[in-house]
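Asks: sequence first, then the predicted structure, then my questions.
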Amino acid sequence: MRPGVHPVSRPVVFRDRAAGEVFLTGPTADSPRALERQDGNAYPLVDVEISSASHPFHTA
């Protein structure tokens, strides 16, 4: 693969503002804000308005 073509994948925290749930996942999103987790690491923080934790029609 050519270098510099694909975005960097890193651990990122998504926080559902409606439900207050926090998800650690590995997308390519980035944020200037960070959240320190219980493991002692700080991860980029992305706030979302709705997720599977707060969507009324989500089926698990």
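Replies: Now that the structure is in, tell me what you want to look at.

Asks: for the rest of this, base every contact and every neighbour count on C-alpha atoms.
Replies: Will do.

Asks: could you list the low-pLDDT ranges of this protein?
Replies: Applying pLDDT under 70 to the chain picks out residues 1, 58-60.

Asks: ranges for the strands of it?
Replies: Counting by DSSP state E, the segments of the chain that form strands are 12-16, 22-25, 34-36, 42-48.

Asks: deepest-packed of those strands, please.
Replies: By mean neighbour count, with neighbours taken as mean count of other CA atoms under 10 Å, strand 12-16 ranks first of the strands of the chain at a mean of 21.

Asks: so what touches that one?
Replies: Contact partners of strand 12-16, identified using CA atoms under 8 Å, 6 or more residues apart in numbering, comprise 21-27, 29-30, 35, 43-51, 53-54.

Asks: how about stretch 32-51 as CSV, C-alpha atoms only?
Replies: Only the C-alpha atoms of stretch 32-51 are listed here, as CSV (Å, rounded to 0.1, in the frame of the first residue of the first chain):
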residue,chain,number,x,y,z
PRO,A,32,-8.8,17.8,20.2
ARG,A,33,-10.5,16.8,23.5
ALA,A,34,-9.5,13.7,25.6
LEU,A,35,-10.9,11.6,28.3
GLU,A,36,-8.8,9.7,30.8
ARG,A,37,-10.1,6.2,31.4
GLN,A,38,-9.7,3.8,34.4
ASP,A,39,-6.7,2.2,32.7
GLY,A,40,-4.8,5.5,33.1
ASN,A,41,-4.7,6.3,29.4
ALA,A,42,-6.1,9.4,27.8
TYR,A,43,-8.0,8.8,24.6
PRO,A,44,-9.5,11.3,22.1
LEU,A,45,-13.2,12.0,23.0
VAL,A,46,-16.0,12.3,20.5
ASP,A,47,-19.5,13.2,21.9
VAL,A,48,-22.5,11.8,20.0
GLU,A,49,-26.1,12.7,20.4
ILE,A,50,-27.4,9.1,20.0
SER,A,51,-26.0,5.6,20.0
